[in-house]
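A.B. asks: How does the following fold in three dimensions:
(2 chains)
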2 protein chains.
Amino acid sequence: MKTYLDCIPCFFRQALEAATLAGSTPRAKKKVLDHLAKRFPDYPMSTPPPEMGRIIYQLVARLTGKKDPYWEAKQKSNGLALRILPKLRAKVRASKDPLLTAVKLSIAGNIIDYGVKNTLNVQKELQRILSEEEKTIRREKKRLFDYPRFKERVKRAKTILILGDNAGEVVFDRLLIEEIHTLGKKRILYAVKEKPIINDATREDAFTCGLDRVSEVISSGSDAPGTVRHRCSKEFLKIIPKVDMVLSKGQGNFEALDWLKRPVFFLFMAKCPVVTREVGCDIGDIILLYRPAQSLRKKRKRGK
Amino acid sequence: MKTYLDCIPCFFRQALEAATLAGSTPRAKKKVLDHLAKRFPDYPMSTPPPEMGRIIYQLVARLTGKKDPYWEAKQKSNGLALRILPKLRAKVRASKDPLLTAVKLSIAGNIIDYGVKNTLNVQKELQRILSEEEKTIRREKKRLFDYPRFKERVKRAKTILILGDNAGEVVFDRLLIEEIHTLGKKRILYAVKEKPIINDATREDAFTCGLDRVSEVISSGSDAPGTVRHRCSKEFLKIIPKVDMVLSKGQGNFEALDWLKRPVFFLFMAKCPVVTREVGCDIGDIILLYRPAQSLRKKRKRGK
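C.D. replies: Numbers count the residues shown, from 1 in each chain, chains lettered A, B, ... in the order given. Modelled structure (predicted):
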């Protein structure tokens, strides 16, 4: 996905939020915004928004002297998710279709964000999403929440690459991976970000949350809040053609993955108007969207 | 009110909206945002936000070649409000306290915005506000909706200056002025903007909506979306010490009027987080806030 003009006001909002979280003085915050104003006119709009996310958070880190302003928030998210894991696991196991519940929870895990204040809120929110999204499934069964295809493809796949998203959320992905393992012997790779960027999960978060017990934790090499191709490591890019399917978590990865030539399921909660327009959904919708490997090739051919 | 850092992302959003409404190409829109990025680092944050509003809409006008991108929207708002005027007037006259209903409607008129699509929506919204705002009155009777004081001061005043806000909304102010006239002989001045700026009312709108039948329509001289002091004409500034009280309509005027040394009632619907923080209210609240002439002098003394 390219960067839209609507993303620009949002970049400033994000920069201000990150600078605030980094405990900046008003003066330092203004400096961050002024620097962003200098940078974005030259920013190529054809690149995906997470590339600008990377610029913004590097700017904040440099100007505020805080390399990882979201560190504490991430620890909190991880702790919170780990605390409710046994309860969620019981919920999954007790449900009619454990894989479906695990998919829903993995997407819903996206709400464990740095903004969320306490366990109570998260549990309430999860309840809301688990019931609400039944509507979503009914409404656009085939296209926006393509669970039958997901189940069938996951069953068939031998090697699955999961592109992780946020700290805390990784715990919910762990539940999903546990369920995928019940479908047969599979190799599951779980890719995290190379360096701290916003509240995205890094190796540290993945290990804290026990992802290494259910998958091979790797790094995409990317230090952008999304798997932007030219930010990925060569090693990571070499892995991609070898996997049968990709599960892409979160909006940032959805925005960044135009280049991906593997069959992919995007699992995310729609949070911004630009993405909802791109997908054709509403804010807050729970998305399980399939994109075959071919569609991109076709697109390219049509483009030529 | 000074400009807060939170206003900056919003400036970009406003610029994009205005450029879109002006029918700009994506290229022209990007140009508007790039120009804004060049301008705002030097913008003094001590000035009220409507001053930046002025810069933004001048930029859009210059770069898109459309001097008054909101012209059509304003005509629509005026027409819409004039069509429902007889119904609203009947509502006011039939109510227990016609002045109170007129005050509520005058504030609620703030929702007739360029975004509103049809009569049905507006009537629904008005109904919502008329009933909802009873809650607001109950909740913070004294401070945020100070109707008893308003009624008493309006009764006593001989000369009242009303600072108008948006096109369409002026029709609702006309109803309020009609009710004020029933309280005794008064001179009422109705000030509009000097030039088109966003959907703010100009002389043309005031005359279209019949404000000249119930008041003396004057211009503040300001071409900012608020009565920013140094944008006002000398003639207008000379009038101010001669009036007994000021009724300030809309958020833009609230943001701009730190300098005013007359007793003022602010009538507006709280629409932005910065203003709600400043006032201590919630988004969507109906505000009738009194500020005596003295408070500013005290503030200044304390400041010295």
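A.B. asks: so what's the closest residue to chain B within the stretch 201-304 of chain A scoring on pLDDT?
C.D. replies: Relative to chain B, the nearest point of the stretch 201-304 of chain A is residue A:273 (11.0 Å; CB to the nearest CB). Backbone N, C-alpha and C define where each C-beta goes, glycine included. You'll see residue A:273 listed with a pLDDT of 89.
A.B. asks: Let me know whether residue A:268 touches residue A:254 as I believe.
C.D. replies: Yes. Assessed by CB atoms under 8 Å, residue A:268 is found in contact with residue A:254 at 5.7 Å.
A.B. asks: which stretches of the stretch 51-200 of chain A have low pLDDT?
C.D. replies: For the stretch 51-200 of chain A, applying pLDDT under 70 flags the ranges A:112-142.
A.B. asks: Tell me who's in contact with residue A:243.
C.D. replies: Listed by CB atoms under 8 Å, 6 or more residues apart in numbering or on different chains, the contact set of residue A:243 reads A:159, A:160, A:161, A:189, A:262.
A.B. asks: repeat that for 6 Å
C.D. replies: Counting by CB atoms under 6 Å, 6 or more residues apart in numbering or on different chains, residue A:243 touches A:159, A:161.
A.B. asks: okay, now the residue of the stretch 201-304 of chain A closest to chain B: neighbour count?
C.D. replies: 14 (other CB atoms under 10 Å in any protein chain shown).
A.B. asks: gap between the nearest residue in space to it that is not next to it in sequence and residue B:60?
C.D. replies: Leaving aside its chain neighbours, residue A:273 sits nearest to residue A:6 (6.5 Å; criterion: CB to CB, 6 or more residues apart in numbering or on different chains). Distance of residue A:6 to residue B:60, computed by CB to CB, to the nearest Å: 16 Å.
A.B. asks: Can you pick out the residue with more neighbours from those two?
C.D. replies: More crowded of residue A:6 and residue B:60, by other CB under 10 Å: residue B:60, with 29 against 17.
A.B. asks: wait, that one sits on residue B:18?
C.D. replies: Yes. Taking CB atoms under 6 Å as the definition, residue B:60 is a contact partner of residue B:18 at 4.4 Å.
A.B. asks: Dihedrals phi and psi, the residue nearest to residue A:273?
C.D. replies: As for residue A:6, its main-chain torsions (degrees, to the nearest 10) stand at phi -60, psi -20.
A.B. asks: same deal with residue A:5?
C.D. replies: According to degrees, to the nearest 10, residue A:5 has phi -60, psi -30.
A.B. asks: residue contacts, it?
C.D. replies: For residue A:5, the contacting residues are B:16, B:29, by CB under 6 Å, 6+ apart.
A.B. asks: repeat for residue A:24
C.D. replies: Going by CB under 6 Å, 6+ apart, residue A:24 touches residue A:64.
A.B. asks: tally of neighbours for the closest residue to residue A:12 other than its chain neighbours?
C.D. replies: In this structure, residue A:12 finds its nearest non-sequential neighbour in residue B:9, 3.9 Å apart by CB to CB, 6+ apart. Number of residues near residue B:9 (other CB under 10 Å) recorded here: 20.
A.B. asks: hmm, who's touching the helix or strand where residue B:9 lies?
C.D. replies: Per DSSP states H and E: residue B:9 is located in helix B:7-21. Identification of contacts with helix B:7-21 by CB under 6 Å, 6+ apart yields A:5, A:8-9, A:12-13, A:33, B:29, B:32, B:36, B:49, B:52, B:56-57, B:60, B:69.
A.B. asks: Now do the same for residue A:218: helix, strand or coil?
C.D. replies: Recorded secondary structure, residue A:218: strand (DSSP: H, G, I helix; E, B strand; the rest coil).
A.B. asks: per-residue confidence for it?
C.D. replies: 98.
A.B. asks: surely it meets residue A:192?
C.D. replies: No. Contact criterion CB under 6 Å: residue A:218 and residue A:192 do not qualify, at 7.6 Å.
A.B. asks: what ranges do the helices span in chain A?
C.D. replies: Secondary structure of chain A by DSSP state H: the helices cover A:7-21, A:26-39, A:49-64, A:71-94, A:98-108, A:119-139, A:147-156, A:169-181, A:203-208, A:234-239, A:250-256, A:273-279, A:293-303.
A.B. asks: what does chain A put close to chain B?
C.D. replies: Along chain A, the residues adjacent to chain B under the rule CB under 6 Å from any CB of the partner chain are A:5, A:8, A:9, A:12, A:13, A:16, A:29, A:33, A:34, A:37, A:41.
A.B. asks: Show me which of those residues is closest to residue B:209.
C.D. replies: Of all these, residue B:209 sits closest to residue A:9, with 32.5 Å by CB to CB.
A.B. asks: Please determine how far that closest one is located from residue A:21.
C.D. replies: 19 Å.
A.B. asks: Equivalent analysis for residue A:290, please.
C.D. replies: Noted for residue A:290: a distance of 35 Å to residue A:21, by CB to CB.
A.B. asks: now residue A:237
C.D. replies: 32 Å.
A.B. asks: out of the two, which sits in the busier spot?
C.D. replies: For the pair residue A:237 and residue A:21, the greater number of neighbours falls to residue A:21 (18 against 14), based on other CB under 10 Å.
A.B. asks: Could you report the pLDDT at the more buried one?
C.D. replies: On pLDDT, residue A:21 comes in at 83.
A.B. asks: Also the one 3 residues further on?
C.D. replies: We have a pLDDT of 87 for residue A:24.
A.B. asks: Quick check on it: phi, psi?
C.D. replies: Torsion angles, degrees, to the nearest 10, at residue A:24: phi -70, psi 150.
A.B. asks: ok, now how distant is it from residue A:17?
C.D. replies: Note on residue A:24: its distance to residue A:17, by CB to CB, is 11 Å.
A.B. asks: Brilliant, that's me finished.
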